[in-house]
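[1] sequence unknown, structure follows:
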């Protein structure tokens, strides 16, 4: 049985097509999901892509959080549905309270676009099992509001519970607290990160194929569940 991974398109999404291609390259079936449709069409996992959902009016991800599709995704995520939020998708997950904290303006107040080195801090999630703990990967980063912030108590909890999934290496590109590039919820099924793994799945068009592990990870997890 082929794993079906839904990719949501919001008004202003830019990387939904790239995410669907990454899913296909990982051997899974990409399924296009529309922001105004509550039906997830029986997908096994969901990706919230990068871009500028609803033009980033009000606050990044704040309007998308109330779109009809998010009602179903929030319910599914709380029941264990694997959900990956990339860049703007990470912002949507925080606005939806599926992940703690928030994403704020980069501390240097400039949009940044670069190939970014990351360290994998946790492989205990549905989206990172194909990696090794401590593995260093390179994926593109592009954001203007990518600084991850949370109060000290929340940051301490994330550290203590092993919920920091990725950390920036070499340079902190946006002022994120404790160099955090991505986090997960307590169950490990919801992951959000600022860098773009979907742009690192083919050597021809990216810095390498380090991002492919995100998509093969979730396909493998679903495959194991079906086998049981």
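    Received, thanks. Being a predicted model, the structure only gives us computed values, none of them experimental.
[2] And the residue at minimal distance from the centre of the chain, which helix or strand is it part of?
    Residue closest to the mean C-alpha point of the chain, counted by C-alpha atoms, centre = their mean, is residue 85 at 2.8 Å. Assigned by DSSP states H and E, residue 85 belongs to strand 83-86.
[3] which secondary structure elements does that strand contact?
    Here strand 83-86 touches strand 45-48, helix 68-78, helix 88-95, strand 190-193, going by 3 or more C-beta pairs under 8 Å, 6 or more residues apart in numbering; DSSP states H and E. To be clear about C-beta, it is placed using only N, CA and C from the backbone, and glycine gets the same treatment.
[4] Sheet-wise, list the partners of it with their directions.
    strand 45-48 (parallel), strand 190-193 (parallel) (DSSP bridges).
[5] Need the residues that contact the last one.
    Translated: strand 190-193. 77, 82-87, 89-90, 93-94, 98-99, 125-128, 165-166, 181-184 (C-beta atoms under 8 Å, 6 or more residues apart in numbering).
[6] Which among those residues count as buried?
    77, 82-87, 89-90, 93-94, 98-99, 125-128, 165-166, 181-184 (16 or more other C-beta atoms under 10 Å).
[7] would JSON lines of the strands paired with strand 83-86 with mean neighbour count, mean pLDDT and distance to residue 31 be doable?
    Below are the strands paired with strand 83-86 laid out as JSON lines (neighbours: other C-beta atoms under 10 Å; pLDDT from 0 to 100; distance: least, C-beta to C-beta, whole Å):
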{"stretch": "strand 45-48", "mean neighbour count": "29", "mean pLDDT": "98", "distance to residue 31": "9"}
{"stretch": "strand 190-193", "mean neighbour count": "28", "mean pLDDT": "98", "distance to residue 31": "19"}
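[8] The residue nearest to the centre of the chain is in contact with residue 50, isn't it?
    No: in this structure, residue 85 is not within contact of residue 50 by C-beta atoms under 8 Å, at 9.1 Å.
[9] contacting residues around residue 29?
    Counting by C-beta under 8 Å, 6+ apart, residue 29 makes contact with 2-5, 23.
[10] Quick check: pLDDT value at residue 220.
    Confidence at residue 220, expressed as pLDDT, is 82.
[11] doesn't residue 130 make contact with it?
    Yes: in this structure residue 220 lies within contact range of residue 130 using C-beta under 8 Å: 6.8 Å.
[12] Strands of the protein, residue ranges please.
    4-9, 29-34, 45-48, 83-86, 102-104, 112-120, 136-143, 147-149, 164-168, 180-184, 190-193 (DSSP state E).
[13] Give me the distance between the closest residue to residue 54 other than its chain neighbours and residue 131.
    Counting by C-beta to C-beta, 6 or more residues apart in numbering, residue 54 lies nearest to residue 63, which is 4.0 Å off, once chain neighbours are set aside. Per C-beta to C-beta, to the nearest Å, residue 63 is found 33 Å from residue 131.
[14] same question, residue 113
    Using C-beta to C-beta, residue 113 is found at 24 Å from residue 131.
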